[in-house]
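Student: whatever this is, show me its structure:
(one chain, ligands or ions: 2)
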Amino acid sequence: MRKVEIFDTTLRDGEQTPGVNLNTLEKLEIAKQLERLGVDVIEAGFPAASKGDLEAVQLIANTVKNSSVTGLARSHEKDIDAAWEALKQSAEPRIHVFLATSPIHRQYKLKMSKDEVVERAVAAVKYAKTKFAKVQFSAEDACRTEPEFLARVTEAAIDAGATVINIPDTVGYITPKEIKELFSYLRNNVSNIDKAILSAHCHDDLGMATANSLAAIEGGAGQVEGTINGIGERAGNVALEEVAVALHIRNDFYGATTNMKLAEIKRTSSLVSKLTGMTVPANKAVIGDNAFAHESGIHQDGVLKEKTTYEIITPELIGVKSNKLVLGKLSGRHAFKNKAIELGFDLTEEKLNEAFKAFKDLADKKKEIMDEDLFSILADKQTEA
Ligand code: KIV
Ligand code: ZN
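Tutor: Ligands and ions are numbered 1, 2, ... in the order given. Presented below is the predicted three-dimensional model:
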């Protein structure tokens, strides 16, 4: 079975979420949970960005043992030196250097020619290689870069010593079909590609980050980068829990797996949400509160007869105790009866029908029916009996 490495950047790209600011201890708490989750790499921060970030990366690198820890650096010696300061004591020192490659970035941001970009990338990777055992190179805005030039940069970075080449969709622009083709193109047109792992790093500006990451895997990506709950710059990064669960559930299609311990997903998601203050929308795939909740009568009846009628993921898979049957105006008698039994009532069919009618009347007036509301309706009917 093909293994896809999971590179978590919740503590770096995720911390670039507007309004999110984690202190060192909060970062450490999240890093330890990411280690329990079984991610292969934790990008703990950007050591050259601030003294605080350098210290946080250092603390995490010295504490976490079962995941590799890395830090981001621009293609400048001073950034690489700061990363080395933070990471030199980690079990397997690993750095992530990046440089933009797209025409827009070359012209407006870097004001560099193609040759200058290649030269700078090679110099940065070579310098990083004098210190780090593992060097990852990212071609920022890769998905808006001319494929031939991206192949040239990739080949040069691998020759200089990079063992992971990351292909970021920095602005969430590419489509699934295109990214699959781009990864296949690189696999077929970079002569030394077998010496490196290709990595996907998708942003969600057009809501395609999960589809794009999965398509990149189809095209040959051996690593996926993302964040927990999909937090990150602008519309965020790909939500890693979505990629890992999709690979698990649709293993028949992708034929790939990860080292992630899926039962730790819910706990990790809740911790990241609590410490970043970024609430998870109820309808979010995999981890939203409604992901295992059923409200309509038809669905509730189906799930009570056989869960797989309307559930493709079991709640237990991601560490949630059970599904939820939410009682509202669309709910049916089957779920109502079930709830009555759960609340300890054993009414006759006639009384149950009366109680069900009273519940429906209330549900027409009230958005959310609580257990207390049901209890009082059922208790009234029991007393009448
Ligand atoms: O989105 C991006 O391009 C990045 C790089 C720094 C890898 O986060
Ligand atoms: Zn990014």
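Student: Ser184: how many residues sit nearby?
Tutor: For Ser184, the tally of surrounding residues (other C-beta atoms under 10 Å) stands at 14. Using the backbone N, CA and C atoms, a C-beta is placed for each residue, glycine as well.
Student: oh, that last question was meant for Gly277, not what I typed.
Tutor: Neighbours of Gly277 (other C-beta under 10 Å): 11.
Student: that one contacts Val20, doesn't it?
Tutor: Yes. Counting by C-beta atoms under 8 Å, Gly277 touches Val20, with 7.0 Å between them.
Student: need the overlap of contacts for the two.
Tutor: Residues touching both Gly277 and Val20 by C-beta atoms under 8 Å, 6 or more residues apart in numbering: none at all.
Student: number of nearby residues for Gly220?
Tutor: Counted with other C-beta under 10 Å, Gly220 comes out at 19.
Student: my guess is it contacts Glu181, does it?
Tutor: No. Proximity of Gly220 to Glu181 does not meet the contact threshold set by C-beta under 8 Å, at 10.8 Å.
Student: the stretch 151-300 of the chain: strands as residue ranges?
Tutor: Counting by DSSP state E, counting those that start in this stretch, the stretch 151-300 of the chain has strands at residues 164-169, 197-202, 223-226, 256-257, 293-294.
Student: would you format the ones you listed as CSV with mean neighbour count, distance to ligand 1 and mean pLDDT included?
Tutor: Formatted as CSV, the strands of the stretch 151-300 of the chain follow (neighbours: other C-beta atoms under 10 Å; distance: least, C-beta to the nearest ligand atom, whole Å; pLDDT from 0 to 100):
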stretch, mean neighbour count, distance to ligand 1, mean pLDDT
strand 164-169, 25, 3, 98
strand 197-202, 26, 5, 98
strand 223-226, 28, 7, 98
strand 256-257, 16, 22, 98
strand 293-294, 20, 33, 96
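Student: tell me which of these lies nearest to Asp141.
Tutor: Nearest to Asp141 among the strands of the stretch 151-300 of the chain is strand 164-169; the distance by C-beta to C-beta comes to 6.9 Å.
Student: direction included, what does that closest one pair up with?
Tutor: strand 134-140 (parallel), strand 197-202 (parallel) (DSSP bridges).
Student: check contacts around Leu362.
Tutor: Taking C-beta under 8 Å, 6+ apart as the test, what Leu362 contacts is Ile369, Asp373, Ile377.
Student: same thing but at 10 Å, please
Tutor: With contacts defined as C-beta atoms under 10 Å, 6 or more residues apart in numbering, Leu362 is in contact with Leu327, Lys329, Ile369, Asp373, Leu374, Ser376, Ile377.
Student: any chance of a PyMOL selection covering the buried ones in these?
Tutor: Those of these that count as buried under 16 or more other C-beta atoms under 10 Å are selected in PyMOL with:
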select buried, resi 327+329+369+373+374+377
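Student: remind me which residues of the stretch 51-200 of the chain are low pLDDT?
Tutor: Filtered on pLDDT under 70, the stretch 51-200 of the chain yields no residues whatsoever.
Student: all helices for it, in order.
Tutor: Along the stretch 51-200 of the chain, counting by DSSP state H, counting those that start in this stretch, helices occupy 51-63, 77-87, 103-104, 114-129, 147-160, 176-189.
Student: could you count how many residues lie near the residue nearest to Met112 when sequence neighbours are not counted?
Tutor: Nearest non-adjacent residue to Met112, counting by C-beta to C-beta, 6 or more residues apart in numbering: Arg106, 5.5 Å away. Arg106: 20 surrounding residues under other C-beta under 10 Å.
Student: wait, Arg106 sits on Thr145?
Tutor: Yes. Using C-beta atoms under 10 Å, Arg106 makes contact with Thr145 at a distance of 8.9 Å.
Student: and for these two, which residues touch both?
Tutor: Contacts common to Arg106 and Thr145, judged by C-beta under 10 Å, 6+ apart, are Ala100, Lys114, Val117.
Student: ok, the first one - contacts?
Tutor: In other words, Ala100. With C-beta under 10 Å, 6+ apart, Ala100 has these contacts: 74-75, 106, 108-110, 112, 117, 121, 138-142, 144-145, 168, 170.
Student: check the offset of stretch 3-23 from the chain's centre.
Tutor: 9 Å (C-alpha atoms, centre = their mean, to the nearest Å).
Student: again with stretch 238-253
Tutor: With C-alpha atoms, centre = their mean, you get 10 Å for stretch 238-253.
Student: ok now do Asn23, which residues does it touch?
Tutor: Asn23 neighbours (C-beta under 10 Å, 6+ apart): Glu29, Gly52, Ala56, Leu275.
Student: and what of Ile193?
Tutor: Ala151, Thr154, Glu155, Ile158, Ile165, Leu186, Arg187, Gly220 are the contacts of Ile193 under C-beta under 10 Å, 6+ apart.
Student: buried among those? Make that a PyMOL selection.
Tutor: Filtering the contacts of Ile193 down to the buried ones (16+ other C-beta under 10 Å) takes a single PyMOL command:
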select buried, resi 151+154+155+158+165+186+220
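Student: between the contacts of Ile193, which sits nearest Asn290?
Tutor: Gly220 (34.9 Å).
Student: quick check: that closest one vs ligand 1, distance?
Tutor: 19 Å (C-beta to the nearest ligand atom, to the nearest Å).
Student: for this protein, which residues are neighbours of ligand 1?
Tutor: Taking C-beta under 6 Å from any ligand atom as the criterion, the chain approaches ligand 1 at residues Asp13, Phe98, Ser138, Glu140, Asn166, Pro168, Thr170, His201, His203.
Student: give the contact list for the fifth one.
Tutor: Asn166 makes contact with 7, 96-98, 136-140, 142, 157, 197-201, 221, 223, 225 under the criterion C-beta under 10 Å, 6+ apart.
Student: likewise the third one?
Tutor: Residues in contact with Ser138, defined by C-beta under 10 Å, 6+ apart, are 72, 75, 96-101, 121, 157, 162, 164-168, 170, 199, 201, 225.
Student: one more time with 6 Å, if that's ok
Tutor: Neighbour list for Ser138: Phe98, Asn166, Pro168 [criterion: C-beta atoms under 6 Å, 6 or more residues apart in numbering].
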